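Chemist: with the input below, show me the fold.
(one chain, ligands or ions: 1)
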Amino acid sequence: MLSLVAAGTVGFLTAFNLPSTTSTTMAPEFPPLKNDLLLRAARGEKTERAPVWVMRQAGRYLPEFREVRKLHEFFEVCRTPDLATEITLQPIRRFSGLLDASIIFSDILVIPQAMGMEVLMNPGPHFPEPLDTPADISKLNTVVDVDKELGYVFKAITQTRMALAGEVPLIGFCGAPWTLFLYMVEGGGSKTFQKVKTWIFKYPEESKALLMRIADVCVDFLVGQVKAGAQLLQVFDSWAGELSPYDFDIFARPTLVHISTNVRKRLAAENLPSTPITLFAKGANYAIASLAESAGYDTLGLDWQVDPAEARRLVKGKVALQGNMDPNVLYGGRDAIESAVKRMCAGFAVDGGSQAWIANLGHGITPGVDPEDLRWFFECVHKYSARA
Ligand code: CP3
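Modeler: Okay, the predicted model is just below:
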């Protein structure tokens with residue numbers, strides 16, 4: 001175990017004698033949670049201040065992350081529980097006392113891999129054999145056993161939850177079907193979305209069927225993550241904003257409802273903890289009101305293109321909110337960060353204090369950010385979101 005982890009970073013982890021738990025056995029006793037701000041805010045409660053974390057908090061802006069990545073390829077890190085645990089803990093350790101959540105180090109593209117596709121990261125995602133036409137669907141695995149294909153994520157979650165020692169809750173996640181389908185068809189990122197738009201407009205029935213197949217894998221994967229120890233779940237629909245409101249209702253919303261409904265059913269049926277679920281449908285600000293009304297999520301993640309007070313009005317108190325500072329404000333220096341955080345806190349405030357709000361950026365933190373500027377962001381959230 002030691003030799004896998006970058007020098008100088010191992011002490012924290014090796015102190016724990018980890019049980020040999022697999023996802024098919026009962027989860028072990030976890031250390032009691034000392035900071036439940038995130039879970040309380042997700043349930044809509046008032047909090048003494050806003051909990052805060054940032055998307056991609058374990059990532060390339062951290063020198064200690066880059067050290068590990070020098071030695072290990074991206075998906076090797078995801079598949080090696082010791083490495084995934086180490087990287088998940090890096091921001092928690094560095095920003096000790098300032099961060100209120102950890103998110104398991106992995107990627108949304110592990111689902112296409114589990115479905116039988118090859119995915120490389122160089123440096124962005126690349127699928128050597130994307131799905132060109134519906135005939136290619138036959139190349140996918142007909143049955144996906146998540147314990148077998150993604151058991152390494154479950155193992156990493158159990159191990160990380162132990163290593164966190166109850167410091168903060170652990171978030172599990174998956175990509176939403178629309179966003180995963182987009183990568184599977186485009187073969188990587190895209191500027192024009194020509195291939196995925198060809199699929200939905202030329203082969204709408206095949207597209208819908210495949211989207212639902214992906215949704216079923218998402219359900220199994222999220223339930224498995226709770227079983228392994230995840231305390232909150234987030235569904236990333238990063239490309240929701242590429243759809244028109246009409247097409248969102250056809251190609252994205254039914255899959256999102258399928259996931260929230262069936263994850264909750266399964267958690268109840270399997271006597272697993274009832275777990276808050278967040279939906280981050282980036283760019284789908286046209287759908288905020290209707291998602292809050294009936295998509296079945298506890299929290300909606302927001303990007304920076306919607307005003308916090310306007311989002312509050314749209315959701316009518318039915319869900320909690322998460323977000324939403326433009327990540328690029330982190331390049332603007334301390335004064336810019338402080339005034340943006342102050343405005344964000346005022347915009348989300350309920351009765352002059354923090355309620356049903358998880359402070360975050362409006363998208364992932366980018367590689368060029370100085371970690372000390374992120375520290376300042378956290379300090380400002382602590383200061384300006386506190387109840388008087
Ligand atoms: O938030 C966290 O700290 C947890 C880990 C996490 C990663 N990816 C690690 C990662 C999470 C939650 C994701 C989700 C993810 N992955 C999304 C949804 C969120 C979003 O950003 O919209 C998407 C679309 C992906 C697919 C993906 N993975 C892309 C497009 C890229 C390249 C983009 C880039 O930043 O260069 C990745 C790679 C990736 N995933 C990195 C990290 C830290 C950087 C790659 C590296 O280490 O070389």
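Chemist: residue in this protein nearest to the ligand?
Modeler: S238 (3.1 Å; C-beta to the nearest ligand atom). (Each C-beta comes from the backbone N, C-alpha and C, glycine too.)
Chemist: tell me which residues touch that residue, please.
Modeler: By C-beta atoms under 8 Å, 6 or more residues apart in numbering, S238 lies in contact with 108, 175-176, 179, 280, 282.
Chemist: okay if I get these as CSV plus secondary structure, distance to the ligand and pLDDT?
Modeler: Shown next, in CSV, are those (DSSP: H, G, I helix; E, B strand; the rest coil; distance: C-beta to the nearest ligand atom, whole Å; pLDDT from 0 to 100):
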residue, secondary structure, distance to the ligand, pLDDT
I108, coil, 4, 98
G175, strand, 6, 98
A176, coil, 9, 99
T179, helix, 6, 98
F280, strand, 7, 98
K282, coil, 6, 98
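Chemist: spell out which parts of the stretch 151-300 of the chain neighbour the ligand.
Modeler: 173, 189, 236, 238 (C-beta under 6 Å from any ligand atom).
Chemist: those in strands, which ones?
Modeler: 173, 236 (DSSP state E).
Chemist: farthest-apart pair in the residues of the stretch 151-300 of the chain next to the ligand, please.
Modeler: Taking C-beta to C-beta as the measure, these span a maximum distance of 18.9 Å, between F173 and G189.
Chemist: the more surrounded of these two?
Modeler: F173 (22 against 12; other C-beta atoms under 10 Å).
Chemist: so the more buried one makes contact with F105?
Modeler: No - in this structure, F173 is not within contact of F105 by C-beta atoms under 8 Å, at 10.5 Å.
Chemist: contacting residues for the residue nearest to R60 when sequence neighbours are not counted?
Modeler: Nearest residue to R60, sequence neighbours excluded (C-beta to C-beta, 6 or more residues apart in numbering): P367, at 3.9 Å. By C-beta under 8 Å, 6+ apart, P367 lies in contact with 59-61.
Chemist: and which of the residues you listed is nearest K208?
Modeler: So of those, ranked by how close each gets to K208 (C-beta to C-beta), first place is G59, at 33.6 Å.
Chemist: turn the residues of the stretch 151-300 of the chain next to the ligand into JSON lines, including pLDDT and distance to E205.
Modeler: Listed next are these as JSON lines, based on pLDDT from 0 to 100; distance: C-beta to C-beta, whole Å:
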{"residue": "F173", "pLDDT": "99", "distance to E205": "29"}
{"residue": "G189", "pLDDT": "93", "distance to E205": "26"}
{"residue": "F236", "pLDDT": "98", "distance to E205": "26"}
{"residue": "S238", "pLDDT": "98", "distance to E205": "25"}
